[in-house]
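Student: model the structure of this input:
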Amino acid sequence: NTPEERLCGLKISAATVSYNGELGPECGYKDLLNVKLQPHAEKSVPLRILYEKYAGCLTSDNMIKVTAVLQQAENQKIQLQMRDFHVKNPDIKIRVLGEPMQKRKLVAELTLSNPLPSALTSCV
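Tutor: Below you'll find the predicted structure:
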């Protein structure tokens with residue numbers, strides 16, 4: 001947040017991470033050499049993290065760490081930001097059909113939606 005325009009380099013990376021901070025494989029990356037920051041302004045830079053990139057390496061903790069490094073071109077000053085995101089599992093709705101009674105069969109209906117671009121198979 002300065003009164004002058006700044007020219008910066010920006011690197012953003014995303015990797016799966018476990019609860020103890022251990023990083024997994026990288027699942028997203030962006031390297032921008034000439035980012036102009038206007039005086040007293042914010043700039044939004046999206047990073048798309050595709051399911052295909054993190055699906056095979058996401059731990060049971062369901063977390064992804066995003067790291068951004070901003071470097072000013074004129075004086076090489078660096079600013080670092082990190083944030084962990086929790087990947088939300090879809091909701092599962094359970095509805096009991098009929099009246100539950102002791103020592104009798106119970107029928108339940110489970111409903112869930114698949115927000116992913118690929119079919120779910122071999123679910124446990």
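Student: quick one, what contacts residue 45?
Tutor: Contacts for residue 45 (Cβ atoms under 8 Å, 6 or more residues apart in numbering) come out as 10, 12, 30, 32, 35. The way it works is simple: take the backbone N, C-alpha and C, and place the C-beta from them, glycine included.
Student: residues making contact with the helix or strand containing the fourth one?
Tutor: If you go by DSSP states H and E, residue 32 is part of strand 23-37. With contact meaning Cβ under 8 Å, 6+ apart, strand 23-37 is reached by 5-18, 43, 45, 47-50, 53-54, 57-59, 64-66, 70, 73.
Student: residue ranges in the protein under the pLDDT threshold?
Tutor: Applying pLDDT under 70 to the chain flags the ranges 1, 124.
Student: what ranges do the helices span in it?
Tutor: Taking DSSP state H as the criterion, the chain carries its helices at 51-54.
Student: how about the most far-flung residue of it relative to its centre, phi and psi?
Tutor: Distance to the chain centre peaks in the chain at residue 103, reaching 45.0 Å (criterion: Cα atoms, centre = their mean). When read as degrees, to the nearest 10, the backbone of residue 103 gives phi 60, psi 20.
Student: contacting residues for it?
Tutor: Contacts of residue 103 by Cβ under 8 Å, 6+ apart: none found.
Student: narrow the contacts of residue 45 to just the buried residues.
Tutor: 10, 12 (16 or more other Cβ atoms under 10 Å).
Student: closest one of the contacts of residue 45 to residue 85?
Tutor: residue 12 (12.9 Å; Cβ to Cβ).
Student: that closest one and residue 68 touch, don't they?
Tutor: Yes - at 4.8 Å, residue 12 and residue 68 qualify as touching, with contact defined as Cβ atoms under 8 Å.
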